[in-house]
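A.B. asks: here is a sequence with its predicted model. Questions after.
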Amino acid sequence: MERAVKSIQLALLVALLTLCTGCGYLFGDDGIFRDKSQDYKKARVVPPLRLPDGDDSSRLGEMYPIPPVTDDILLAGKFEVPQPSPLVAGAEDEQVRIQTLADESWAVVNTAPGQVWPQVRAFLSVSQIPIARVDASAGIMESGWVTLEGEPMASRFQFRIDQGVQRGTSELHVLQMSQAGDVDRWPLQSNSPDQENQMLRAVSQYIANSADSTPVSMIADQSINASGKISVQEGPDDDIYILLSLPYDRAWASVGRAIEESNFEITDRDRSAGKYYVRFLGTRSEEEAGWFDWMLGSDDDPMVDQLFVVSVDSLDSQDVAIRIEQQAPLEGGETPVLERRDEQSLLALLKGNID
């Protein structure tokens, strides 16, 4: 019996040593799951293919073109693969969302402008609303005069499709004009906000219902920039910030909504100073933690429950800069310095939820 126990203990010891040495086999430099973040340094630069003089090379192009990179920050020292930015807020369960700020309403569509354009045209066709003017380069479509049920006079509508804040999203604006008054010039605001709201909701519902069978307009896709209105920039003295191309009032509201959707708690705000005072609640709940977090010994996020200040600074009439820093202690002393990687991670978290 004693010999059997010793044999079992010896077998367990051998298995433990094999497991420890096997970590290098799995995660070492020659392991199956080795770190590949430095492999780009070994890539070879191959000159482009050249044809003999006189041959047409217009059909030649990159087989795997590299898309433009908006977040062009280069970190000093050894490169570390950053965490991916979160998806657009609500993208997984909402195809179309109607947003309102003051007296203005618009629809945010989670597809590129080139896909929204034919959907609006199809909506007008199905609704038997005549199209009077189309300008794909400006993203504008205007209807002819139409008399809506229950309305005493005819109206016409202008549909404007803009690029969304996030890449691959669109914004749809509707403007209404009544037949009374100057009919040769579109008003700055709709003559009937109620008709504008009804039309916006009707076309938004149509887009949401036809999302699975969406054609693409190549002309509109090329004319309307779909790269988005937001990017991460680096200024002098290693200053990192989000550049958001929106008027200040809308930017302030969008950042406040993004803060709450990015697992921050707003403890205070100062609109005149352009500052949100927030507490970080963490990126994931305990139920969302994965098995590899336990196996690899991942610690709790040290930024959880830390206090931060999110600043929204106006650069000009159409651009704002969004920065984040840790709050100074109430009892005085030096303000904690936010690590560069943590700062970029928090900004990426906010960036993915701004719309």
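C.D. replies: Yes, it's here.
A.B. asks: mind listing the helices for the stretch 101-250 of the chain?
C.D. replies: 113-126, 193-209, 218-223, 248-261 (DSSP state H, counting those that start in this stretch).
A.B. asks: which one of these lies nearest to Arg97?
C.D. replies: Arg97 lies closest, by C-beta to C-beta, to one member of those: helix 193-209, at 8.5 Å. C-betas here are computed from N, CA, C, even on glycine.
A.B. asks: so the closest one versus helix 113-126, what angle?
C.D. replies: Using axes from the mean of the first three to the mean of the last three C-alpha atoms, to 10 degrees, the inter-axis angle of helix 193-209 relative to helix 113-126 is 110 degrees.
A.B. asks: you'd agree Arg250 is up against Leu101?
C.D. replies: Yes: under the criterion of C-beta atoms under 8 Å, Arg250 makes contact with Leu101 at 5.5 Å.
A.B. asks: those two - which one has more neighbours?
C.D. replies: Comparing Arg250 with Leu101 by other C-beta atoms under 10 Å, the one with more neighbours is Arg250, at 17 against 13.
A.B. asks: correct me, but Ile129 touches Val146?
C.D. replies: Yes: in terms of C-beta under 8 Å, Ile129 counts as a neighbour of Val146; the distance is 5.3 Å.
A.B. asks: who's more crowded, those two?
C.D. replies: For Ile129 versus Val146, neighbours defined as other C-beta under 10 Å are more numerous around Ile129 (18 against 15).
A.B. asks: now the stretch 151-300 of the chain, which segments are flagged as low pLDDT?
C.D. replies: By pLDDT under 70, the low-scoring segments of the stretch 151-300 of the chain are 211-227, 283-300.
A.B. asks: can we see that at 90?
C.D. replies: 151-153, 162-170, 179-185, 207-240, 245, 260-263, 280-300 (pLDDT under 90).
A.B. asks: beta partners of Gly142?
C.D. replies: Quick fix: residue 142 reads Glu, not Gly. Per DSSP bridges, residues listed as beta-bridge partners of Glu142: Arg133, Gln158.
A.B. asks: going forward, begin numbering at 4 instead of 1
C.D. replies: New numbering, starting at 4: the last item is Glu145.
A.B. asks: ok, it touching Ile132?
C.D. replies: No: counting by C-beta under 8 Å, Glu145 stays clear of Ile132, with 10.5 Å between them.
A.B. asks: any common contacting residues for those two?
C.D. replies: Phe160 (C-beta atoms under 8 Å, 6 or more residues apart in numbering).
A.B. asks: to Lys45, which of the helices of the stretch 104-253 of the chain lies closest?
C.D. replies: helix 221-226 (36.5 Å).
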